[in-house]
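Trainee: Quick one, structure for this:
(2 chains)
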Amino acid sequence: MKSFLLRCALFLALLAGLLWMLTYITDSDLHRRQTGPFQTWNEAASGQLNADILILGSSHAHVQIDPAGLQHIWPGLKIYNAGIDGYTWPVHLAWYRFYRRFNKQPQVIILNVDYQEFSKSALRINPLQFLPFTNDSSVRRALHEMDMPWPRVQVPFLKYRGEANALLAALRPSQPLPGEYSKCAHADGFMPVEAHWDEALFLQNPQPDEAKINLDSSVWHSFLHFKKACFQKGIQLITVFTPHYSRISALIPEGPAYRAWLRHNIEPEALFVDCASQPYSNDTAFFYNSNHLNARGAAAFTQAFADSLSLLLPARANH
Amino acid sequence: MLFNSVAFALFLPIVFGLYWLIGARRIRLQNILLILASFVFYGWWDYRFVLLLLASTSFDFFVGIQLGRFSDERHRRWFFRASIIANLTALGFFKYFNFFAENFERLLHSVGIQAQPILLQIILPVGISFYTFHSMSYVIDVYRRHREPCRDATAYFAFISFFPLLVAGPIVRATWFLPQFQAERKFEPPRAADGMRQMLWGFFKKMVIADGCAQFVNPIFDTWQSQPAGMLVAGAVLFAFQIYGDFSGYSDIAIGCARLFGFHLLPNFRYPFFAQNFVEFWRRWHISLTSWFRDYVYFPLGGSRGGQWQMIRNTMLVFLLSGFWHGASWTMIAWGGLHGLFILPTMLLQHRSGRKKQEKPWRWTRVPGYLLGVLITFTLFCLTLVVFRSADMGVAVAYLERIGRVPWGALAIERRIGVFILIMLIAEWFNRHQEHGLTLNGVPSRVLRWAIYLCLATLIFFFGAPPQTFFYFQF
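Mentor: Reported below is the predicted structural model:
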């Protein structure tokens, strides 16, 4: 029995060693990647981002808010779009805390808020992006909240379980990562989508998750706490509600009331800019799906957002 | 509790440690520990399942005692029938009630009577088909006087609820497995080590092959109406490997796990994809179920003793029942019927020639014929699996019809899964005379053997697809 147990222990130790080595190789490779979501994480970790104006949010920020279109409002300042597709406030906050470990405090934070922003995130889109950064406590906390199994978060050599693509790419660093992980954003983090509206896709799947309001009280209170902290530290927090296609907006009759409620609770410490309805909201030439603008729509929206800010910011400064 | 879960990775070493700490001489205490562990394992899904298991086991234990107490056939027959009816009623209630209710409603509808079927909103207790068959085999064997009734409740309860076999078999016989719970179990390091190897092989088949194939099979069968012919064929072929990897993987884990506790089980699969015909296939696929139906249904019906027609009738009946055992639907019954049809030609040939096909010595000249036999058997098996996997018979027919109608198209299947399937087939071919595919008797170097085990474990770790429940749990 003793020899059997010793052999089992030896086997497990060797396996743990092998997995640790492969995890180290994978970690090292993913820390070097400058594509997909790794681009944002690795640029933050490099400590060279030091953005003056930081854009946070989901895909509504990532593919719709063009830093170049806002540059004239803050001439000479560095604007960076750090939107994380598919995730909500707990993850955006975790990313911000991670960013702050390596970079200076921004002067302005622009946060896109939508009907889902203050709900808990589900670990759905590109979960691999978090794994190289699990040594950060805020990332670990966010992963716990998203129900990632604890061994993958806490045991360093178990985290890449089932992530064969990451390992294979690490073993052949010249190879791109598959799918979304291989896409590149602009140098300022913005990633416009050059796609056209697909009516069939809309009819098949009008994104019912997006067509309802989701609000979690703990997430909301975490945001209020953040808003207060920003106010105390002199960071200007600007929240923006981005455009939705009119047919999906029609499915959310309580949308205007919700946005009014947001304004009421966000202002006056922070700014709330409501761009949900735009003149092109019923024009599919500006959208690629029910709540995402394509590159043309993003340009139009950023222009409208910049115009609003041009009016609001001086007024606010005077006030 | 799933074998491929963190909970089981903690559960198994704890139970293993406690079991051998108790000591081999304290059989009853070991049995009690196994019962408690099995109830925890089973109750992990739903504690109410444990109550059903307890009720079913207690009743058959009581019946066994009564069968031993009475010597007159009238009383014995009464208890025997009560047990069979109770077991089949439980199985029928949980598994088949809705099927019969829906079909009865359809029958009434066809004669112009409108009725609303009463459907039960209950979940099927995991593994009910397996432990019911364990229990029935005991009662039948005691009734036939093939074995003495068990008077040791701990041994009997441990036998029925033994956690490695509880939810998906193999279906063991009381005649040779129950005595193992009444005798001293010795820890034999070589057997335990081989058990670990068998478990590792089972995990590879389940987590890499079966779950890997499922990632392609599920979308193909979900959107078959828009798939090209190549993908439809790939869906059927990959489903064959999925279900084999899933079920034989589970059996390997279960048998390997039982070995850690000093129990010996017979193989449930003997490399069925190397079978040249359906008779051979069913001697290699789900052996414990096939032999159960053979001994408790086919032989009592007369087997092939009454001539050709009786053999055909009994074979078809057994396969239709086997299909129905797999699931309460017409597709399952049709799947069983197709297997019956495919097995009959070989059975009839063997029946006429009056001998069973003997294993001939291996010669290269036999390779083309062998490969042809294997290919035909595998193709027909895949064909039956389309019926097995489809929602209803209409879908199955349309799926097969579409293969012949639409262009072949591009194959959107990762090459990786093909490589893993090939690794499995090569390993199993070289171990086809061994108990499992990771025996490695031919590898003399210990370092190389350990390197292979480590590589396999690493493959499972990185390439194991998102864990899915075992396919056979639904049966």
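
Trainee: Contact partners for residue B:257?
Mentor: For residue B:257, the contacting residues are B:3, B:12, B:164, B:195, B:199, by Cβ atoms under 8 Å, 6 or more residues apart in numbering or on different chains. From N, CA and C alone the C-beta is placed, and that goes for glycine too.

Trainee: and which of those residues is nearest to chain A?
Mentor: residue B:195 (10.2 Å; Cβ to the nearest Cβ).

Trainee: Could you say which helix or strand holds the closest one?
Mentor: Element membership of residue B:195, judged by DSSP states H and E, is helix B:189-203.

Trainee: Switch the contacts of residue B:257 over to JSON lines; also include distance to chain A, pLDDT and neighbour count.
Mentor: Formatted as JSON lines, the contacts of residue B:257 follow (distance: Cβ to the nearest Cβ, whole Å; pLDDT from 0 to 100; neighbours: other Cβ atoms under 10 Å in any protein chain shown):
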{"residue": "B:3", "distance to chain A": "16", "pLDDT": "83", "neighbour count": "25"}
{"residue": "B:12", "distance to chain A": "11", "pLDDT": "94", "neighbour count": "19"}
{"residue": "B:164", "distance to chain A": "18", "pLDDT": "92", "neighbour count": "27"}
{"residue": "B:195", "distance to chain A": "10", "pLDDT": "93", "neighbour count": "24"}
{"residue": "B:199", "distance to chain A": "11", "pLDDT": "95", "neighbour count": "24"}
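
Trainee: and whatever residue of the stretch 251-400 of chain B ends up closest to chain A, what pLDDT?
Mentor: For the stretch 251-400 of chain B, the nearest residue to chain A under the criterion Cβ to the nearest Cβ is residue B:260, separated by 9.4 Å. On pLDDT, residue B:260 comes in at 94.

Trainee: go on, residue A:31?
Mentor: pLDDT at residue A:31 comes out at 92.

Trainee: about what we covered before: and the two most separated of the contacts of residue B:257?
Mentor: The span of these, defined through Cβ to Cβ, is set by B:3 and B:195 at 13.4 Å.

Trainee: Tell me how far the nearest residue to residue A:255 once chain neighbours are set aside lies from residue B:201.
Mentor: Among residues not flanking residue A:255 along the chain, residue A:249 sits closest, at 5.9 Å (Cβ to Cβ, 6 or more residues apart in numbering or on different chains). To residue B:201, residue A:249 is 56 Å away according to Cβ to Cβ, to the nearest Å.

Trainee: least trustworthy helix or strand in the chain by mean pLDDT?
Mentor: No chain was given, so I picked chain A. Least confident helix or strand of chain A, by mean pLDDT, DSSP states H and E, is helix A:199-204 with a mean of 69.

Trainee: um, chain B though
Mentor: For chain B, judged by mean pLDDT, DSSP H and E, that is helix B:97-110, with a mean of 81.

Trainee: Low-confidence ranges, chain B, go.
Mentor: B:117, B:119-123, B:354-360, B:467-475 (pLDDT under 70).

Trainee: Close to chain A: what parts of it are there?
Mentor: Within chain B, the residues that sit near chain A (Cβ under 8 Å from any Cβ of the partner chain) are B:6, B:20, B:187, B:189, B:192-193, B:196, B:416, B:450, B:453-454, B:457-458, B:461-466.

Trainee: so residue A:194 touches residue A:297, yeah?
Mentor: No - in this structure residue A:194 lies outside contact range of residue A:297 using Cβ atoms under 8 Å: 11.3 Å.

Trainee: what about these two, which has more around it?
Mentor: residue A:297 (27 against 8; other Cβ atoms under 10 Å in any protein chain shown).

Trainee: in the longest helix seen in chain A, what's buried?
Mentor: Longest helix in chain A by number of residues (criterion: DSSP state H): helix A:2-32. The neighbour-count check on helix A:2-32 (16 or more other Cβ atoms under 10 Å in any protein chain shown) flags A:4, A:11, A:15, A:18-19, A:22-23, A:25-27, A:29-30 as buried.

Trainee: Near chain B, list only the ones from those residues.
Mentor: Answer for the buried residues of helix A:2-32 near chain B (Cβ under 8 Å from any Cβ): A:4, A:11, A:15, A:18-19, A:22.

Trainee: Tell me which residue of the stretch 1-150 of chain A lies closest to chain B.
Mentor: Relative to chain B, the nearest point of the stretch 1-150 of chain A is residue A:4 (4.4 Å; Cβ to the nearest Cβ).

Trainee: which ones are touching that residue?
Mentor: Residues in contact with residue A:4, defined by Cβ under 8 Å, 6+ apart, are B:187, B:189, B:192-193.

Trainee: thinking again about what came up before, count of neighbours near the residue of the stretch 251-400 of chain B closest to chain A?
Mentor: Here the number of neighbours of residue B:260 (other Cβ under 10 Å) works out to 23.

Trainee: Touching, it and residue B:193? I think so.
Mentor: No - Residue B:260 is not in contact with residue B:193 according to Cβ under 8 Å; the separation is 9.6 Å.

Trainee: if you skip the residues just before and after it, what's nearest to the residue of the stretch 201-350 of chain B found nearest chain A?
Mentor: Nearest residue of the stretch 201-350 of chain B to chain A, counting by Cβ to the nearest Cβ: residue B:207, 9.0 Å away. Leaving aside its sequence neighbours, residue B:207 sits nearest to residue B:464 (Cβ to Cβ, 6+ apart; 3.6 Å).

Trainee: Residue B:312 now?
Mentor: residue B:344 (6.2 Å).

Trainee: Help me confirm that the one you found comes into contact with residue B:318.
Mentor: No - contact criterion Cβ under 8 Å: residue B:344 and residue B:318 do not qualify, at 11.4 Å.

Trainee: who has more neighbours, those two?
Mentor: Set residue B:344 next to residue B:318 and count neighbours by other Cβ under 10 Å: residue B:318 wins out with 23 against 18.

Trainee: Tell me the helices and strands packed up against the host helix or strand of the more buried one.
Mentor: Element membership for residue B:318 (DSSP H and E) is helix B:308-326. Helix B:308-326 makes packing contacts with helix B:287-293, helix B:330-353 when contacts are defined by 3 or more Cβ pairs under 8 Å, 6 or more residues apart in numbering or on different chains; DSSP states H and E.

Trainee: okay if I get those as JSON lines plus distance to residue A:313?
Mentor: Rendered in JSON lines, the data for those read as follows (distance: least, Cβ to Cβ, whole Å):
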{"stretch": "helix B:287-293", "distance to residue A:313": "75"}
{"stretch": "helix B:330-353", "distance to residue A:313": "66"}
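
Trainee: Next, count neighbours for residue B:5.
Mentor: Count around residue B:5 with other Cβ under 10 Å applied: 14.

Trainee: Next: the one 10 residues further on.
Mentor: Other residues within reach of residue B:15, judged by other Cβ under 10 Å, total 21.

Trainee: Could you verify my assumption that it touches residue B:37?
Mentor: Yes - counting by Cβ under 8 Å, residue B:15 does reach residue B:37; the two are 4.4 Å apart.
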